[in-house]
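# turn this into a structure:
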Amino acid sequence: MRAGGVAADTTATAHTRPISLFWRTFGLVALLIVASFAATIAAARLLERAPPEQRLAWEVASVVNLTRSALVSAEPDRRLQLLDELAQQEEVRVLPKEPGDRIDTSATGPRLRALEPRLRALLGASTQVAGRVNDVDAVWISFEIDGDDYWLILPRDRVERQFGPSLALLSLIAAAFALLGALAISRLVNRPLSDLARAIGVLSRGRAPQPLAESGPTEIAAVNRRFNRLAADLAQLDADRALALAGISHDIRNPLARLRIEVELAPLPEEQRASMVDDIERIDRIVGQFIGYAQIAQPPRAEVVDVSAVLASIANAYRGDIDAGALALSIDAGEALRWYGDPTDLQRAIGNVVDNALRYGRPDDARAVQVQLQVHATAAGLALTMRDDGPGIADEDTERLLRPFARVDRARGEHGGSGLGLAIVDRLARRYGGRARLSNDERGGLRVDIDLPDYRTPT
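Modelled structure (predicted):
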């Protein structure tokens, strides 16, 4: 393998992040609510005959005119009694307007200022509206009786309550509550689907998910019930397979051990004995791969792994092939790499790829198999890239060769493999929520990319 490491791929492809069903449902419901409120406000404004300021101006003008008429038509000795009755029963007071009255214009709010021009149109150009006169807070409205100026005094709350909250404010409050309700409804509708997607993700990593709730809407309950049955059947299938392969291992490896002893002791030519021992060892390796593939279904023994130590042990494991000139192994890894998982899984994943290169990655000129391994940390865990300089594989086989017992002997020859090596690598990666990918390197040879996230307890 050529030194220097694999060049990092710096080309980034922008992908549009898909919108989840939860936010899509919430967006549609929110859009419907906003459109409904907009149509309602538009209809209310269209049907509204007059703004509240105009209606209040009519009402105040009526009070002023009635008060003026009552005072003008009443007997002089009855006017004081009439004013007392207006103050007690209608909360309307009438006082003479004096030139020295202190009118505080800062107390006249925008609504009273909007009321003043309408009252002038109804009562006369000299009409004045104030919010505080002589340090008394009220609604002060000036009017004229026989050339004399008077103040009509109304309680401020009597006027303010005529306005009430604006239609826009009421609509905003209603829309806020409606959107909160839409958020809750979207969460309620999409939560079963979210739980199902999470359980499927756990199942795809070879773990047993927590049973889903079989209550709620009939359709969701039916889907969850069938998923729970499927998960239970798969778990039972894995258990049965592990038990069967364990039995096969015991039934085959014991006779193999006896057969090897007999071959070693038999008076056979050396070449024939070596060939028979090689066949026995090949059968034993295949059986071991069967067992290893079945055992991946069990939860890993997770711990903090010193990646550098694992890589050093791999280099030592292939020291014989390296010294014999059959393998040139180059390892490029950062210092102090840590990974949370099973160190045996990491060693098996790398070892299976190296074994695959030893079997199928030898160049045509019979030189040593060049294997380059690059390891670096990611936000999720580890990323491994391995490549050889062999003949590579057909592009249509990049997915198929990750399935169990898939082989391309027509392209790479018969080397006694079981077709489980790369399948074990892919299943190990999926066990941690990652994946393995095969591709033909641009410089020639097979490239294997493995994502190994830190182990997380299934939820």
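# tell me who's in contact with residue 423.
Contact analysis of residue 423 by CB atoms under 8 Å, 6 or more residues apart in numbering lists 293, 402, 403, 404, 405, 406. From N, CA and C alone the C-beta is placed, and that goes for glycine too.
# a helix runs through residue 267, doesn't it?
No - assigned with DSSP: H, G, I helix; E, B strand; the rest coil, residue 267 falls outside any helix and is coil.
# hmm, residue 26 is touching residue 183, no?
Yes - taking CB atoms under 8 Å as the definition, residue 26 is a contact partner of residue 183 at 5.9 Å.
# of the two, who's got more company?
Legend: neighbour count by other CB atoms under 10 Å for residue 26 and residue 183, higher for residue 26 (20 against 15).
# so when I look at that one, I'm seeing a helix, right?
Yes - the assignment for residue 26 (three-state DSSP) places it in a helix.
# residues in contact with it?
Contacts of residue 26 by CB under 8 Å, 6+ apart are 182, 183, 186.
# quick one: which helix or strand includes the closest residue to the first one other than its chain neighbours?
Distances taken as CB to CB, 6 or more residues apart in numbering place residue 29 nearest to residue 182, at 4.0 Å, with adjacent residues excluded. Per DSSP states H and E, residue 29 falls inside helix 21-47.
# per-residue pLDDT, the residue nearest to residue 182?
Residue 29 is assigned 77 on the pLDDT scale.
# residue 447 too?
92.
# ok so, going back, buried sites along the helix holding residue 29?
22, 25, 26, 29, 30, 33, 37 (16 or more other CB atoms under 10 Å).
# closest to residue 232 among those?
Distance to residue 232, by CB to CB, is smallest for residue 22 among the buried residues of helix 21-47, at 28.2 Å.
# output the contacting helices and strands for the helix or strand residue 226 falls within.
According to DSSP H and E, residue 226 maps onto helix 218-265. Of the remaining helices and strands, those touching helix 218-265 by 3 or more CB pairs under 8 Å, 6 or more residues apart in numbering; DSSP states H and E are helix 167-204, helix 270-295.
# Three-state assignment for the closest residue to residue 152 other than its chain neighbours, please.
Nearest non-adjacent residue to residue 152, counting by CB to CB, 6+ apart: residue 141, 4.6 Å away. What three-state DSSP gives for residue 141 is strand.
# am I right that residue 327 is in contact with residue 318?
Yes - judged on CB under 8 Å, residue 327 makes contact with residue 318 at a distance of 5.7 Å.
# which one's more surrounded, these two?
Ranked by neighbour count (other CB under 10 Å), residue 327 and residue 318 place residue 327 first, with 22 against 17.
# picking that back up, dig out what the residue nearest to residue 152 forms beta bridges with.
residue 129, residue 152 (DSSP bridges).
# rewinding a little: closest one to residue 93 out of the contacts of residue 26, please.
If you rank the contacts of residue 26 by distance to residue 93 using CB to CB, residue 182 comes first, at 50.7 Å.
# and the closest one, how many residues sit next to it?
By other CB under 10 Å, neighbour count at residue 182 equals 19.
# that one touches residue 34, doesn't it?
No - using CB under 8 Å, residue 182 is not in contact with residue 34, being 10.1 Å away.
# now do the phi/psi pair for residue 386.
Dihedral pair for residue 386: phi -130, psi 140, per degrees, to the nearest 10.
# go on, residue 440?
phi -90, psi 120.
# residues contacting it?
392, 393, 395, 398, 446, 447.
# the residue nearest to residue 289 when sequence neighbours are not counted and residue 442, how far apart?
Closest residue to residue 289 apart from its sequence neighbours, by CB to CB, 6+ apart: residue 420 at 4.5 Å. As for residue 420, its distance to residue 442 is 28 Å (criterion: CB to CB, to the nearest Å).
# between these two, point out the one with more neighbours.
For residue 420 versus residue 442, neighbours defined as other CB under 10 Å are more numerous around residue 420 (21 against 8).
# ok, now which ones touch the more buried one?
Contacts for residue 420 (CB under 8 Å, 6+ apart) come out as 289, 290, 292, 293, 404, 405.
# so the residue lying closest to the fifth one once chain neighbours are set aside is in which element?
Taking CB to CB, 6+ apart as the measure, residue 404 lies nearest to residue 423, with 4.4 Å between them; neighbours along the chain are not counted. When elements are assigned from DSSP H and E, residue 423 belongs to helix 421-431.
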